[in-house]
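[1] got a structure for you, letters missing:
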């Protein structure tokens, strides 16, 4: 079952979402047959992530099932991933306040876990909501915090990503200022 899930991930990177979904669904079926709860939660989360942009309700149903399992297992890190995916689903459906709420919940949990890299990613997700809402200062603040975390961890690639995002925000602010 885990192998099928991993093959699904390969198809994700290839951009073949139909195949990706097929492998995640096959993985879920086997995990369910052998009652492997954590594997089921991962497969459900992955399936939801595949369909979240096009089938919001379906994605949320998969996430709801995964949520129940993560709660049973007390899997906080799995819950963080799930909450971020739910946030992304609401964000893609233009429900920005709900999305921000899920991102903030994921941040609260990951801070308890002291998982810095995941915290930085969660902050980046939250920044995306601030950008959409036009609150560039809050977005820059989130990006700066994420950058500082990756700097502390020595993750140069991620540092570059967040510096790039900060620069883009400053450019966007300048464009808007010139229009006004």
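    Here it is on my side, so go on. As the structure is a computational prediction, the values presented were derived from the model and not from experiment.

[2] how about the helices in this protein?
    Counting by DSSP state H, the chain has these helices, from start to end: 2-14, 17-33, 37-51, 56-73, 76-92, 96-113, 116-132, 136-153, 156-179.

[3] rank the ones you listed by pLDDT, which is bottom?
    Looking at the helices of the chain, the lowest mean pLDDT belongs to helix 156-179 (a mean of 81).

[4] before we move on, back to that, adding mean neighbour count, write the helices of the chain out as TSV.
    C-beta coordinates here come from the backbone N, C-alpha and C atoms, glycine included. Formatted as TSV, the helices of the chain follow (neighbours: other Cβ atoms under 10 Å):
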stretch	mean neighbour count
helix 2-14	15
helix 17-33	18
helix 37-51	23
helix 56-73	18
helix 76-92	22
helix 96-113	18
helix 116-132	21
helix 136-153	18
helix 156-179	13
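
[5] contacting residues for the residue most central in space within the chain?
    Closest to where the C-alpha atoms of the chain average out (Cα atoms, centre = their mean) is residue 84, at 3.9 Å. By Cβ atoms under 8 Å, 6 or more residues apart in numbering, the contact list for residue 84 reads 102, 103, 106, 121, 122, 125.

[6] what do you get for residue 142?
    Residue 142 sits next to 123, 124, 126, 127, 130 when contact means Cβ under 8 Å, 6+ apart.
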